[in-house]
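**Q** Sharing a model prediction with you, sequence too.
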Amino acid sequence: MSNGDFVRQLPGAADYFSRPSSLATRLHVDVILLFLLLLLVVIGLVVLYSGSGQSIGEVKRQAIHFLVALVLMVCIAQVDPNVIKRWAPWIYFFGLLGLVAVLIAGTDAKGAQRWLKIPGIGLRIQPSEFMKLAVPMMVAWYLSDRSLPPGFKHIAGALLILLPPAALIAVQPDLGTSILIASSGIFVLLFSGLGWRWIAGFAGSVAAFAPVMWFFVMHDYQKQRVITLLDPAQDPLGAGWNIIQSKIAIGSGGVEGKGWLAGTQSHLDFLPESHTDFIIAVLAEEFGYLGIGGILLLYLLIILRGMVIAVRGQDTFARLLAGSYVMTFFVYVFVNMGMVSGILPVVGVPLPLVSYGGTSVLTLMVSFGILMSIHSHRKMLSQY
Amino acid sequence: MASREFKDHFREQRIFFSRAVLAVSMVFILLGIIAARYYYLQINQHEIFDTLSDQNRMQLQPVTPTRGLIYDRNGVLLADNQPTFALTLVKEWVDNMEQTIAQLGQWVDVSEQDIESFYKRLQQRRRPYESVTLKTRLTEDEIARIAVHRHLVKGVQVEAELIRQYPLGEDFAHMLGYVGRINEEELQLVDPANYSGTQYYGKLGVEGHYESLLHGTAGFQTIESDARGRILRVLDRDPPTPGADLTLHIDSSLQQVAVQALGDRKGSVVVIDPTSGGILTMVSTPSFDPNLFVTGIDRKTYKALQNSKAIPLFDRSLRGQYPPGSTIKPIIGLAGLDQGFVTPEHKVWDPGFYQLKNSSHKYRDWKRTGHGWMNLKQSIAQSCDVYFYDLGYRMGVDHMHDYMARFGFGQLIAHDIDRAKSGLLPSREWKRAFRSASWYPGDSINMSIGQGFMLATPLQLAAATVVLANRGKWVQPRLLKAINEVDIVVESKPDDVTVNEEWYWDAVINAMEEVMHGPRGTARKSAAGTSYRIAGKTGTAQVIAIKQGEEYDADAIAEEHRDHGLFIGFAPIVDPKLALAVVVENGGGGSSAAAPVARQLFDAYLLDSILTESTEDIPNRQAGL
């Protein structure tokens, strides 16, 4: 039997082996995902130029963020998922140490301790951002070797993994990130086949826990955000200003928008944070509903492609990790666009790959690098 | 790996697949909600938000009109607008107001009061991002210092503004009034839209009376501004109508002659053109500098003005109420003739006092030795009191009240003057109502020489003199001559004074001429050497009553108790060109204190104007007679 005959017997193998080994394949890059991401990045830079008040400097800096992040993404894509899996506990514990260090020696930024300054080299790192990657990794590592769907013992184990970082971030205080990180861990649980009774139970206890959060955990400014969501007009010049102005920006855009660089809300400074968290309002104002439809479609395509990669994952660890990253990406999009349009409270969640900011770009691109690694390191013959 | 549990890889894959399908469905639903939300905002609610967006950036702003200027009859500028620079702050831009003001204090002289009134105005109505003035009239040095240090403080601006200025200062303060910062009560009186950008308001005098004319109509502009209120461009503009320029009848050089003639004495001069009723001069001394009030007078200066014994803030020409004294004798004499109580030939014996039958009270003549036999002409010329005691007693209060009222006493007679007092013209009814007593014959005797209850303002005296000069023809005193150089016409006026025989006027006016030019006239010294003929009457108003049998000794009594000197008169007798009233407070007698002031005014006006006045005025005047 020739080698070729043997190969032909495996489903999909002919396709796999007959494809020429292109540059993308050799670089472990998923061309579809890369194309969609680059498209998003270009759109993001165009909108950023307008949202930043036509600051070419800001666009340049963001472009450099993207370049660095792209390089990092390609580097990460070279790493075999099994290596990532092996390192997951160490990454997790390293991140946890970082969070403890932030609590002890962190630097202030807007009233919350999120940054850790590394003396000597002047580098500032944000362990909570790091944990966005590490927590799903650790939970996936933990669950991938258990028998699934997980029983009580393993659910408790998974929760024990995600609780310490969530708690440490919540006391920084950064409730938004804390919830995002907790939910990224929970996504892993959900993808691992968490029973419906458990899901119902969780939902019930979250609902029961909400009043406790309100009265004992949430800071005044966090409560204010929720109140503002419910009634922005009660403080039109204070907390409600952002949401009122962003709704005006979105609504005044209409179908076709006011045109690039012609949005009065953002260019006359009525719209706050127009280059960071509220940048979608700039897009809505200048490109109208067509622009919103376009960007929603683009996000949807990225999510779908991510899900395809997750489903095709080599093993449970890869699938769980990829699924969780894709859903976290979706949560970013949903929460940001929801809060800017006034259906969710204003929490500091950027619009992924469009809002200005290096840290979130880096984190997101690394997660896409891991996705590409998962997609490109499938070994057809191993493990089964 | 750590665990060696049983793993069903295909089952795990199936579970994951079904969960992924679920997740993708969830993604579709939630992104669908987002799409629906944006659809609702951008398409369903587009109109509303589009309007809100325009309202955000476009603002209707008032454009303050330039205040009208005020000129005298010869085009001399009395009230001007001077460009100045003011230091203003925009509250929304200032991080720490107290700190900013403290810092500005290092470069600019900011007083406690500036700061206090700044905070007060900050509380008042204002639009967002409207600047509030901290200090006006910056000096060049201060502007330079602010320019250098401006980057250190946020929200600080130097703005150009027009500030009212009175170039001739205190000589015209009472007549012109002044503008000051508009207050909340004044805002209640005006159209808020028209005054939405106005900072100043005419408080008194001409500025107050003609506020609406001088102010003009505010314009409006639609501007596009950013969230910080910075104006980016003007989209639409409806220009303001500037306030009207006013020309007054005032002759500023004559006014200054009057001020100089009064000198440092307290008093008042009102000069009226008998043809037009135009007030040529209206002076009250001492006065104050109206420029101090425009941007807010400091408390110390204001207190000093308020507490001054000479009450410089008090406008004597309108609000000073004096017993007219003998100045009313020509009118009483006219009433006596018209009512048949006297004839020009009628004579009264003056032994130096007058006594009613059955009474021991002696009504004294100012001349203790008496004037002897006196007719009407002599009585006016020498100001014989006894003649008028007799006439007043016989004529009674009703006739005197009637004639005095026809000459404007006890009433507000000016056309465009606010805040004038009406004086007091007593009558039987008045005494019953306000003094709860009936009218005694003695009251009539006092009234006949302008003493007792009767009070008149210098303006009223001058107006009555105009009627005498015009032989009964009334012209209302007025200040405004022209609006934007177009002469105005005032129709309404009090009824003319008519008498049964026209020569009664000649009798009275001849007697007044005798006062000035007669050998025994009380004011003959003041008329010596004139090239024109004056008709006049002196008066002396007692400030304190002299007890029976006592002598008035000017040197022995305190200055504020000395007599007021009064004078009324007009000249020339044929075609009178000016009629006036002079009051010198505590100046002694009318002939020594008031008449010389009048002479200076007659000279200044007639000797100059005879030379300079154009001939076209003269036929007009004759036509008017």
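**A** Yep, that arrived.
**Q** give me the number of residues near the closest residue to chain B within the stretch 251-384 of chain A?
**A** Of all residues in the stretch 251-384 of chain A, residue A:251 sits closest to chain B, at 2.5 Å by CB to the nearest CB. Any C-beta I mention is one placed from the backbone N, CA and C, and that applies to glycine too. Residues within reach of residue A:251, counting by other CB atoms under 10 Å in any protein chain shown, total 28.
**Q** Can you tell me the closest non-neighbouring residue to it?
**A** Leaving aside its chain neighbours, residue A:251 sits nearest to residue B:49 (2.5 Å; criterion: CB to CB, 6 or more residues apart in numbering or on different chains).
**Q** Name the helix or strand for the one you found, please.
**A** Assigned by DSSP states H and E, residue B:49 belongs to helix B:46-57.
**Q** can you give me how far that helix is from the chain middle?
**A** Averaged C-alpha coordinates place helix B:46-57 at 49 Å from its chain's average position (CA atoms, centre = their mean, to the nearest Å).
**Q** Over to stretch B:198-208?
**A** For stretch B:198-208 - counting by CA atoms, centre = their mean - the centre lies 9 Å from the chain centre.
**Q** just stretch B:584-602 next, same as before
**A** Relative to where its chain is centred, stretch B:584-602 has its mean C-alpha point 25 Å off (CA atoms, centre = their mean).
**Q** What is the end-to-end distance of that stretch?
**A** Stretch B:584-602 has its terminal residues 17 Å apart, counting by CA to CA, to the nearest Å.
**Q** Report the mean confidence score over that stretch.
**A** Throughout stretch B:584-602, pLDDT has a mean value of 91.
**Q** again with stretch A:365-376
**A** For stretch A:365-376, the per-residue pLDDT averages 94.
**Q** and if you look at stretch B:140-155?
**A** When the per-residue pLDDT values of stretch B:140-155 are averaged, the result is 85.
**Q** Could you measure from residue B:471 over to chain A?
**A** 73 Å (CB to the nearest CB, to the nearest Å).
**Q** Kindly apply the preceding question to residue B:111 instead.
**A** Computed with CB to the nearest CB, the distance linking residue B:111 and chain A is 33 Å.
**Q** what's the neighbour count on that residue?
**A** Residue B:111: 13 surrounding residues under other CB under 10 Å.
**Q** Assign the residue of the stretch 51-200 of chain A found nearest chain B to helix, strand or coil.
**A** Chain B sits closest to residue A:193 of the stretch 51-200 of chain A, with a gap of 3.9 Å, by CB to the nearest CB. Following DSSP: H, G, I helix; E, B strand; the rest coil, we place residue A:193 in the coil state.
**Q** same deal with residue B:86?
**A** Put simply, residue B:86 is strand when judged by three-state DSSP.
**Q** do residue B:514 as well
**A** Per three-state DSSP, the secondary structure class of residue B:514 is helix.
**Q** so who does the residue nearest to residue A:251 touch?
**A** Residues near residue B:49 by CB atoms under 8 Å, 6 or more residues apart in numbering or on different chains: A:247, A:248, A:250, A:251, A:252, B:41.
**Q** switch to 10 Å and redo it
**A** Residues in contact with residue B:49, defined by CB atoms under 10 Å, 6 or more residues apart in numbering or on different chains, are A:247, A:248, A:249, A:250, A:251, A:252, A:253, A:254, A:265, A:285, B:41, B:42.
**Q** circling back: other SSEs contacting the helix or strand following the helix holding residue B:49?
**A** Sequence-wise, the next helix or strand downstream of helix B:46-57 (DSSP H and E) is strand B:58-63. The contact analysis (3 or more CB pairs under 10 Å, 6 or more residues apart in numbering or on different chains; DSSP states H and E) places strand B:58-63 against strand B:219-225, strand B:231-238.
**Q** Just give me the residue right at the centre of chain A.
**A** Chain A has residue A:329 as the residue nearest its centroid, 3.7 Å off, counting by CA atoms, centre = their mean.
**Q** got it, and chain B?
**A** Taking CA atoms, centre = their mean as the criterion, residue B:205 is the residue nearest the geometric centre of chain B, at 1.2 Å.
**Q** Please name the nearest non-neighbouring residue to it.
**A** residue B:177 (2.4 Å).
**Q** low pLDDT regions in the chain?
**A** You didn't say which chain, so I picked chain A. Chain A contains residues with pLDDT under 70 at A:1-21, A:106-114, A:118-124, A:228-239, A:379-384.
**Q** To clarify, I was referring to chain B.
**A** B:1-6, B:125-129, B:228-229, B:492, B:544-557, B:609-625.
**Q** What residue in it comes nearest to chain A?
**A** residue B:49 (2.5 Å).
**Q** ok, back up a step: and which of the contacts of residue B:49 is nearest residue B:474?
**A** When those are ranked by distance to residue B:474 (CB to CB), residue A:248 comes first, at 67.3 Å.
**Q** Could you verify my assumption that the closest one touches residue A:271?
**A** Yes. Using CB atoms under 10 Å, residue A:248 and residue A:271 qualify as a contacting pair, with a distance of 8.2 Å.
**Q** quick one: the strands in the stretch 101-250 of chain A?
**A** Taking DSSP state E, counting those that start in this stretch, the strands of the stretch 101-250 of chain A run over residues A:107-109, A:112-118, A:123-125.
**Q** picking up where we left off before, Validate this expectation: the residue nearest to the centre of chain A resides in a helix.
**A** Yes. Remark: residue A:329 belongs to a helix, assigned using three-state DSSP.
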